[in-house]
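>>> need coordinates for the following:
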Amino acid sequence: MNDDIEAVVFDMDGVLVDSMKYHARSFDRALKEIGVDLEEEDVYRLEGKGSKLVIKGLLEEEGMEVSEEILDEIVDRKREIFDKIEKIEIFPEIKQILKKLEGRFKLGLVTGSNRKTVESLLDKYFEGIFDVVVTEEDTEEKKPDPAPYEKGLEKLGGEKDKVLVIENAPLGVESAKNAGMECWAVAAYLETEELEEAGADKVFEDHEKLAEFMEEKLVH
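Modelled structure (predicted):
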């Protein structure tokens, strides 16, 4: 890794908080209402694109095309279900490592989740920790496009080769690498091989191993 790292940028769902199972279930329930079944892994592989593009992608896989109006209705329904069923918790290892990184590095958050959900989680778990936050609404292009991480870099005001990204999804890894940044990934929901194939510089099988390595390499 680059010894001159000045900023660490995190994805949110699956990296900071154990939330993707609730997203997957809410996608599943919303789509079942229009007769579409899916596997949770399908959602995990599309994570980072934003709800609308995830739903559009899932429908396209079923050979279905719907209007923008219908897409918006399904997104609203998915979010309504998510708000009712979510019982999100922070990964404990992340809470510990954030405390050790805070003050040593600039900290950023780049997520495909909507701002309302993000702000709620920031208020609950991460108040005052992140120097910059990029949400679904901040870029027209979504992961795996580099735009989300480029927007984060723009807000941080740093250099891309001095930024370390922590991801958990293939599209997020591709986004970070497309933006020219080093990226480590944790296999929270998918197999390590999928993250390696996406181009992650390092892949960890769980949050405990990720946190241990981050402390060893970043906290001196």
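>>> what segments of the protein are helices?
20-32, 40-46, 51-61, 68-85, 92-101, 115-125, 147-156, 170-178, 192-198, 207-218 (DSSP state H).
>>> mind checking these for the one nearest to residue 186?
helix 207-218 (4.6 Å; Cβ to Cβ). All C-beta atoms are positioned from the backbone trio N, CA, C, and that covers glycine.
>>> buried residues of that closest one, list them for me.
Judged by neighbour count (16 or more other Cβ atoms under 10 Å), helix 207-218 contains these buried residues: 207, 210, 211, 214, 218.
>>> what does stretch 86-101 give?
Buried, per 16+ other Cβ under 10 Å, within stretch 86-101: 86, 88, 90, 91, 93, 94, 97, 98, 101.
>>> would you mind measuring from the closest residue to the second one other than its chain neighbours to residue 115?
Computed as Cβ to Cβ, 6 or more residues apart in numbering, the closest residue to residue 88 that is not its neighbour in sequence is residue 19, at 4.6 Å. Note on residue 19: its distance to residue 115, by Cβ to Cβ, to the nearest Å, is 15 Å.
>>> do residue 106 as well
For residue 106 relative to residue 115 (Cβ to Cβ), the value is 21 Å.
>>> with neighbour numbers in mind, choose between those two.
residue 106 (19 against 15; other Cβ atoms under 10 Å).
>>> how about the more buried one, what does it touch?
Residues near residue 106 by Cβ atoms under 8 Å, 6 or more residues apart in numbering: 6, 7, 8, 131, 132, 156, 158.
>>> hmm, try it at 10 Å
5-9, 130-132, 155-158, 162-163 (Cβ atoms under 10 Å, 6 or more residues apart in numbering).
>>> which one of the residues you listed sits in the busiest neighbourhood?
Most surrounded of the contacts of residue 106: other Cβ under 10 Å gives residue 9, at 30 neighbours.
>>> with that, I have no additional questions.
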